[in-house]
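Novice: Predicted structure and sequence below. I'll ask about it afterward.
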Amino acid sequence: MRALQSGRVVVAAKALGIALGCFDDAVRYANERVVRGKPIGQFQMIQSDIAEMATAIEASRALVYETARHMDAGLPTNRLSQLPSSTLHKPPNSVLTRRSRYLAATGSPRNTAFRAINASPI
């Protein structure tokens, strides 16, 4: 059972890393893309999306770190190890979806980490 619990934490940490990469790429792109004379990152809707992405990522990070801390200390993690695996698929998916939406205006994803992540089997 301990192996299953540690596996869940590893998968959750990988999902968190994917979400962080997509988030960084989305923020960079929001500051690069100019519409009506200003970067799209200055529009309220984009700022709201970015804030939601950051909040979901930070909540997920806290959950993964807390679960890993419990595992390192040898504390029971039955409940904690299930939480990251059941909740962490949402932030990467929402970040990836929003990143796709930002790039849709250009017609195709540029040569970024996004293309590699989108093709990954995870």
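Specialist: Structure received.

Novice: Just the strands from the protein, written as ranges.
Specialist: Taking DSSP state E as the test, the strands found in the chain are 34-35, 38-39.

Novice: Identify whichever of these lies nearest to Ala15.
Specialist: strand 38-39 (28.6 Å; CB to CB). Glycine gets a C-beta too; all of them are placed from N, C-alpha and C.

Novice: still on that earlier bit, and the strands of the chain, which one averages the lowest pLDDT?
Specialist: Mean pLDDT is lowest for strand 34-35 among the strands of the chain, at a mean of 88.

Novice: And the contacts of it?
Specialist: Ile40, Phe43 (CB atoms under 8 Å, 6 or more residues apart in numbering).

Novice: would you turn the strands of the chain into TSV with distance to Gly17?
Specialist: What follows is the strands of the chain, written out as TSV (distance: least, CB to CB, whole Å):
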stretch	distance to Gly17
strand 34-35	30
strand 38-39	26
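
Novice: Now mean neighbour count and distance to Ala68 too, for these, in TSV please.
Specialist: As requested, those are exported to TSV (neighbours: other CB atoms under 10 Å; distance: least, CB to CB, whole Å):
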stretch	mean neighbour count	distance to Ala68
strand 34-35	11	41
strand 38-39	12	37
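
Novice: which one of these lies closest to Gly21?
Specialist: For those, proximity to Gly21 was assessed by CB to CB; strand 38-39 is nearest, at 20.6 Å.

Novice: and that closest one, which strands flank it?
Specialist: strand 34-35 (antiparallel) (DSSP bridges).
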